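**Student:** Requesting a structural model of the entry that follows:
(chains A and B)
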Amino acid sequence: QSVLTQPPSASGTPGQRVTISCSGGSSNIGSNTVNWYQQLPGTAPKLLIFGNNHRPSGVPDRFSGSKSGTSASLAISGLQSEDEADYYCAAWDDSLNGVFGGGTKLTVL
Amino acid sequence: EVQLVESGGGLVQPGRSLRLSCTASGFTFGDYAMSWFRQAPGKGLEWVGFIRSKAYGGTTEYAASVNGRFTISRDESKSIAYLQMNSLKTEDTAVYYCSRVIDSGSPIGGDYWGQGTLVTVSS
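**Tutor:** Residues are numbered from 1 along each chain as shown, chains lettered A, B, ... in the order given. This next block holds a predicted model:
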């Protein structure tokens, strides 16, 4: 059972906007920043969002992050077939532990 | 170009030890904290631990699941981070990744990752 809660799956059609939610608690999302990762099959995770809503260089602005209270969301606009992947939220916890969501498998229909 | 290359994985019996290395290049290694993560076959990501940069004392934090068994260290002269794994259990079987921490205030944010190395714990 993961500390952060994500829906196991999400889907959308090309061009659509999709959001993935991540719910946590006061000791993690509520008091620390959220990161989002994309993982394509057989590859290492790629950082999409750090510090709640900042994109590393090279990440398209189709990807955006937000946080409110103890929840966070990843939004993908202009959905493309290459966005089909697993997405994970992550946050630091005040117990000095890193915590992840269980991952969301995004299918592009 | 930033590169991280893990090595040292393999098949090991329960109770034995293994040391993983993460060789860094393309950036000033000493300026960054380094984290280790793992992913069991078919499962999600798990944070293992991290080591702060020397400027922040080079201290470490670990996940509860490995605390007391795993040790992270770093060699600034070689730009290598190590993960020493002792008393290995079958549930430690996973692909292990090292990562450069983008923000020292959030050790779970890694902007560059290695390709991963598979550790299989089995008799």
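**Student:** which residue packs closest to the residue in chain B that chain A sits nearest to, ignoring adjacent ones?
**Tutor:** Ranked by CB to the nearest CB, the top residue of chain B for proximity to chain A is B:W47, at 3.1 Å. C-betas here are computed from N, CA, C, even on glycine. Nearest residue to B:W47, sequence neighbours excluded (CB to CB, 6 or more residues apart in numbering or on different chains): A:G98, at 3.1 Å.
**Student:** residues near the one you found, how many?
**Tutor:** Applying other CB atoms under 10 Å in any protein chain shown, we find 27 residues neighbouring A:G98.
**Student:** Helix, strand, or coil at it?
**Tutor:** Here A:G98 is recorded as strand under DSSP: H, G, I helix; E, B strand; the rest coil.
**Student:** In contact with it: list those residues for me.
**Tutor:** Taking CB atoms under 8 Å, 6 or more residues apart in numbering or on different chains as the criterion, A:G98 is in contact with A:A90, A:A91, A:W92, B:S35, B:W47, B:F50, B:A63, B:P107, B:I108.
**Student:** Contact partners for the residue of chain B closest to chain A?
**Tutor:** A:A90, A:N97, A:G98, A:V99, A:F100, B:S35, B:W36, B:F37, B:A63, B:P107, B:I108.
**Student:** one step back: let me have the contacts of A:G98 in TSV, extended by secondary structure and pLDDT.
**Tutor:** Shown next, in TSV, are these (DSSP: H, G, I helix; E, B strand; the rest coil; pLDDT from 0 to 100):
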residue	secondary structure	pLDDT
A:A90	strand	97
A:A91	strand	96
A:W92	strand	94
B:S35	strand	97
B:W47	strand	96
B:F50	strand	95
B:A63	coil	95
B:P107	coil	87
B:I108	coil	89
